[in-house]
Structures are given as structure tokens and as C-alpha cells.
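> Prediction below, plus the sequence it came from.
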Amino acid sequence: MAVDNQDFMLTTIDNPWNPYTDWDEWYAFDQAHGYDTPGYLARVSGFSSNLSEPDQELAISRAIEEIVQLNILGIYKKIFRDEVIKVS
């Protein structure tokens with residue numbers, strides 16, 4: 001998924017890694033805890049490589065907003081590019 005230009009990303013409240021600066025560690029933690037946040041985000045956004053890059057970014061941004069707003073499991077939050085990670 002194209003996330004490099006996003007001002008914010010989706011993460012979980014317990015992930016101590018910043019997905020902007022520590023993607024491998026963030027992803028490993030996410031997968032080890034069974035979240036598959038990138039997969040969930042792809043499903044909600046309807047991500048498709050057939051979309052233009054601006055449309056991909058818009059779909060991802062909207063999906064992040066929806067996931068955080070609904071937050072059915074109570075584990076998701078939005079993290080901004082320059083935010084310092086604080087685990088809840």
C-alpha cells in the first residue's frame with residue numbers, strides 16, 4: 001500500500017514502534033499479535049493498484065478515519081508522522 005506520503009497512519013494502542021521510522025519492527029509486532037493492520041486497512045479501503053496514487057491515498061485516509069471512528073475492538077489509533085510513540 002502506498003503510505004509514504006500520508007500524514008498519518010493506522011496503528012494499535014499497544015504497538016511501541018513507529019511505522020514511519022521502524023516499519024519492520026512495527027510490522028513484526030503487529031503480525032505477532034495477530035492484528036494484520038495493513039490487511040485490515042486494505043480490506044476497509046478497497047485498496048486497488050488500479051487506482052491512481054492520489055485516489056489510493058484518499059481511500060487509505062478515509063479508511064483510517066472510519067476504522068478509528070468505529071474502533072470496534074478499541075485497539076486502533078491514528079498516528080501522525082512526527083508523533084512520539086507512547087504505549088497506552
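Sure thing, it's come through.
> Can you get me a residue count around S49?
7 (other Cβ atoms under 10 Å). Quick note: C-beta positions are derived from backbone N, CA and C, even for glycine.
> Look up how far A59 lies from it.
According to Cβ to Cβ, to the nearest Å, S49 and A59 sit 12 Å apart.
> try R43
In terms of Cβ to Cβ, R43 sits 12 Å off from A59.
> so what's the spatially most central residue of the chain closest to, chain neighbours aside?
Nearest to the mean C-alpha position of the chain, by Cα atoms, centre = their mean, lies L10 at 2.5 Å. Once flanking residues are discounted, L10 sits nearest to I64: 4.8 Å by Cβ to Cβ, 6 or more residues apart in numbering.
> ditto for I79
Once flanking residues are discounted, I79 sits nearest to T11: 4.8 Å by Cβ to Cβ, 6+ apart.
> okay, R43 and A59: which has more neighbours?
A side-by-side neighbour count of R43 and A59, using other Cβ under 10 Å, places A59 first with 20 against 11.
> Pull the distance from the helix or strand hosting the more buried one to the chain's centre.
Secondary structure from DSSP states H and E places A59 in helix 53-70. Between the centre of helix 53-70 and the centre of its chain there are 9 Å (Cα atoms, centre = their mean, to the nearest Å).
> And the helix or strand following it, how far out from the chain middle?
Sequence order places strand 76-80 as the next helix or strand after helix 53-70, per DSSP H and E. Put simply, strand 76-80 sits 7 Å off its chain's centre (Cα atoms, centre = their mean).
> Stretch 45-61 too?
With Cα atoms, centre = their mean, you get 14 Å for stretch 45-61.
> go on, stretch 13-22?
For stretch 13-22, the distance to the chain centre is 10 Å (Cα atoms, centre = their mean).
> can you count the residues close to M9?
For M9, using other Cβ under 10 Å, the count is 24.
> so what pLDDT did it get?
On pLDDT, M9 comes in at 93.
> is it fair to say it lies in a helix?
No - going by DSSP: H, G, I helix; E, B strand; the rest coil, the assignment for M9 is strand, not a helix.
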